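Undergrad: Below are the sequence and a predicted model; questions follow.
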Amino acid sequence: MSFRLSAEPQLESPDLIVGWPGIGNVGLMAVEILRRQLEAEFLGEIEPEPFFYPSGVVIKSGVLESLSFPGSRFYFKKQPQRDLILFIGDEQPTETGSTYASGGKAYEMANLVLDVAQKFGCRRVFTSGAAVSAIHHKYTPGVWTVATEPGLLSEIKALRGNKFKSDLQGKSAQSNISGLNGLLIGVARQRGIPAACLMGEVPDYLARAPMPYPAATRSVLEFISRFYDLNLDLNELEEMRRQMSDMVDQFFNQFPDELKEKISQRAQVRAGEAGEAITDEDKKWMAEHVEDLFRPAEGGGDRAA
């Protein structure tokens with residue numbers, strides 16, 4: 001198992017920023033937009049065959065030419081402030097049939113990504129994803145941060161400021177980061193590479209909805225832009241958020257009135273006022289109905305509101 005490089009750029013202590021699919025596709029969209037706007041150049045890829053089943057076939061003039069696989073690609077960009085390597089994975093390798101990476105394949109993938117990072121002398125590694133949080137969809141998501149070293153965490157917090165701070169991170173005594181976003185920074189720590197995960201907040205009642213959550217991606221990219229002194233154009237994410245606003249509102253209005261009222265009270269909680277908490281029974285109801293509400297109706301049409 002290995003990677004193939006198509007370039008050998010001279011990079012000066014770059015940082016690696018990684019994105020995989022996940023809840024709301026927060027990390028994947030963030031790194032893909034970063035790649036496009038920085039016009040990052042293709043660096044190489046991890047060989048897909050050991051990790052994934054074919055996702056389709058390539059046909060030209062009626063002749064099957066090859067199998068197609070999910071991509072795991074590296075890009076690079078030389079910057080005045082800090083050179084960057086970007087990694088974009090179309091899919092997380094899994095051995096259990098779950099959405100998120102698991103098993104030995106995930107561990108091997110994480111190590112190959114870090115092999116490339118160390119080959120080019122990366123000094124830090126950042127992953128990006130979603131933080132399922134008790135927020136309301138009308139509010140700007142905060143950015144949760146988890147780092148492997150206190151010094152890196154302090155640097156992130158200092159640059160993040162209050163704009164991206166979440167009052168909800170750390171409310172639980174213990175939490176976890178699903179899939180390769182957490183695994184990668186754990187393996188980086190084993191190798192002595194400082195690493196952190198940047199997670200944009202996604203409302204818990206939208207966590208299982210099969211759609212992107214661009215508001216969280218925007219918060220993550222705004223922070224990355226500040227961290228690296230970049231000038232990113234985030235209008236496309238704002239336009240995507242506006243386009244999806246009606247869909248999210250329609251989905252929210254499917255909830256029973258009592259549950260909608262409890263969720264709406266989160267606005268009061270955020271403002272420091274008292275609000276009734278969402279119960280475990282409420283959470284179970286949401287989990288059971290989210291996929292049904294977004295599943296197309298029979299016959300290929302949209303599900304009725």
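TA: On my side now, so go ahead.
Undergrad: now the strands for the stretch 101-250 of the chain?
TA: For the stretch 101-250 of the chain, the strands defined by DSSP state E, counting those that start in this stretch cover 124-133, 143-147, 195-203.
Undergrad: What strands line up against the last one, and which way round?
TA: The one in question is strand 195-203. Neighbouring strands of strand 195-203 in its sheet, by DSSP bridges, are strand 124-133 (parallel), strand 143-147 (antiparallel).
Undergrad: Could I get the contacting residues of Asp233?
TA: Contact analysis of Asp233 by C-beta atoms under 8 Å, 6 or more residues apart in numbering lists Gln37. In short, each C-beta sits where N, CA and C put it, glycine included.
Undergrad: Dihedrals phi and psi, it?
TA: phi -100, psi 110 (degrees, to the nearest 10).
Undergrad: Tell me the pLDDT of Ala147.
TA: If you check Ala147, the pLDDT there is 94.
Undergrad: go on, Asn176?
TA: On pLDDT, Asn176 comes in at 64.
Undergrad: How about Tyr100?
TA: Confidence at Tyr100, expressed as pLDDT, is 60.
Undergrad: go on, Phe223?
TA: For Phe223, pLDDT reads 93.
Undergrad: that older thread, may I see the strands of the stretch 101-250 of the chain organised as TSV, with mean neighbour count and distance to Pro14 added?
TA: What follows is the strands of the stretch 101-250 of the chain, written out as TSV (neighbours: other C-beta atoms under 10 Å; distance: least, C-beta to C-beta, whole Å):
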stretch	mean neighbour count	distance to Pro14
strand 124-133	26	9
strand 143-147	22	18
strand 195-203	27	14
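Undergrad: Redo those strands as JSON lines? Include distance to Ser68.
TA: Shown next, in JSON lines, are these (distance: least, C-beta to C-beta, whole Å):
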{"stretch": "strand 124-133", "distance to Ser68": "25"}
{"stretch": "strand 143-147", "distance to Ser68": "34"}
{"stretch": "strand 195-203", "distance to Ser68": "30"}
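Undergrad: first vs last residue of stretch 77-94, how far apart are they?
TA: Criterion C-alpha to C-alpha, to the nearest Å; first-to-last residue distance in stretch 77-94 is 30 Å.
Undergrad: average model confidence for that stretch?
TA: Stretch 77-94 comes out at a mean pLDDT of 91.
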